[in-house]
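Visitor: Here is my input; please provide its structure:
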Amino acid sequence: KVSNVSVSGTENGAVIKASGQVEITEGESILAGGFISEAEGVQIADSHVTNLKAVYAEAAKDKEGYAGGFVGRSHTGGLAGLAQEDKDGALKLPGIVNVSGLLDLVPYLIPQYTNTTVTFCSANEEPQVKADYAGGFFGEMQSGKVDNSTRTEAYAVYGLEKVKGESHAGGFAGKVDAGATASSNGLNLLGGILNLDIGQLLDVLQVYIPIIQSAGVKSTEKGFTVEATDTDSYAGGYLGYGGGVQIKDSDVTSLKH
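Guide: Residues are numbered from 1 along each chain as shown. Next comes the predicted model:
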């Protein structure tokens, strides 16, 4: 849990870059964020990034880079990491004997961002966010909740001018989906641990749906641009790609191109 924390650049603006050489980061992603580069199962409240000039994740061709004004990549904690083997080799989740117990646990694995913002300063026509997955707030968000509804302005990103991604680029996030339900190797273990009927399984899946509220994108007066450069790529004023995501009261202002 993190609360009441601010990161502020100097007068000329903060520049954050992550890069890796193949021989020392083989097979790993490159991540950069104004607040956190990679966040798993975090709960962050009343925290802000200001005077941010640029966030870059410079990955080699065989890797993926994630850059976001607040977080490079955000995802859930995995249920797989909690599973244990008993003496017969069967998997079990300690202390969880039914779906009710599971639903009590899952919210602690889901990232939550409450009253969190990022404010950019000008990068003089250069991209303020650049990576394979690039976004004004997230490079990629897998599940989780963002809620700025207590703020007087329903925005999460301010001062945006330019986002440049290779495969995914968006004013708020390059990609948002509920992918953690599969990629965490969590839910696919549950068939051997708990006997879930379809109704109970839907209850569990519902918790993993990304929910974004009052987290708009506000540019400078001259507007902002979003660009994705790969042949098969996604670009959007708010999201480059969204799957199974719920968005409410989140405006995009002054999208230029």
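
Visitor: Name the spans of this protein whose pLDDT lies under the cut-off.
Guide: 21-27, 62, 78-84, 89-99, 102-103, 107, 179-198, 200-201 (pLDDT under 70).

Visitor: and with 80 instead?
Guide: 20-28, 59-63, 77-108, 179-207 (pLDDT under 80).

Visitor: For the lengthiest strand in it, buried residues please.
Guide: Longest strand in the chain, counting residues (DSSP state E): strand 43-58. Using 16 or more other C-beta atoms under 10 Å as the test for burial, strand 43-58 gives 43-45, 47-58. No exception for glycine: its C-beta is placed from N, CA and C like everyone else's.

Visitor: What is the burial count for residue 229?
Guide: 12 (other C-beta atoms under 10 Å).

Visitor: Now it, what are its backbone angles?
Guide: Here is the backbone geometry of residue 229 (degrees, to the nearest 10): phi -100, psi -20.

Visitor: SS state for the nearest residue to it once chain neighbours are set aside?
Guide: Excluding its sequence neighbours, the residue lying closest to residue 229 (C-beta to C-beta, 6 or more residues apart in numbering) is residue 166, at 5.3 Å. Here residue 166 is recorded as strand under DSSP: H, G, I helix; E, B strand; the rest coil.

Visitor: what pairs with the nearest residue in space to residue 239 that is not next to it in sequence across the strands?
Guide: Once flanking residues are discounted, residue 239 sits nearest to residue 170: 4.4 Å by C-beta to C-beta, 6+ apart. Beta-bridge partners of residue 170, counted by DSSP bridges, are residue 135, residue 236.

Visitor: Now for residue 170: which residues touch it?
Guide: 134-136, 163, 226, 234-241 (C-beta atoms under 8 Å, 6 or more residues apart in numbering).

Visitor: Same list (these) but as JSON lines, adding distance to residue 123.
Guide: Shown next, in JSON lines, are the contacts of residue 170 (distance: C-beta to C-beta, whole Å):
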{"residue": "134", "distance to residue 123": "13"}
{"residue": "135", "distance to residue 123": "15"}
{"residue": "136", "distance to residue 123": "12"}
{"residue": "163", "distance to residue 123": "11"}
{"residue": "226", "distance to residue 123": "14"}
{"residue": "234", "distance to residue 123": "22"}
{"residue": "235", "distance to residue 123": "18"}
{"residue": "236", "distance to residue 123": "20"}
{"residue": "237", "distance to residue 123": "18"}
{"residue": "238", "distance to residue 123": "20"}
{"residue": "239", "distance to residue 123": "22"}
{"residue": "240", "distance to residue 123": "19"}
{"residue": "241", "distance to residue 123": "24"}
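
Visitor: Run through the neighbouring helices and strands of the longest strand of the chain.
Guide: strand 2-3, strand 6-8, strand 14-19, strand 30-33, strand 65-68, strand 112-120, strand 129-135 (3 or more C-beta pairs under 8 Å, 6 or more residues apart in numbering; DSSP states H and E).

Visitor: partners of the shortest one, with directions?
Guide: The one in question is strand 2-3. Short version: by DSSP bridges, strand 2-3 pairs with strand 43-58 (parallel).

Visitor: Just the CA coordinates for the strand it pairs with, please, in CSV.
Guide: Listed next in CSV are the C-alpha coordinates belonging to strand 43-58 (Å, rounded to 0.1, in the frame of the first residue of the first chain):
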residue,chain,number,x,y,z
GLN,A,43,-3.0,-0.2,-3.7
ILE,A,44,-2.1,3.4,-4.3
ALA,A,45,-4.0,6.4,-3.1
ASP,A,46,-3.6,10.2,-3.1
SER,A,47,-0.4,10.0,-5.0
HIS,A,48,0.8,12.1,-7.9
VAL,A,49,3.5,12.6,-10.5
THR,A,50,4.2,16.2,-11.6
ASN,A,51,6.5,18.0,-14.1
LEU,A,52,7.2,14.8,-16.0
LYS,A,53,8.9,15.4,-19.3
ALA,A,54,9.5,11.9,-20.8
VAL,A,55,9.2,8.2,-19.9
TYR,A,56,10.9,5.8,-22.4
ALA,A,57,11.3,2.0,-22.3
GLU,A,58,13.9,1.2,-25.0
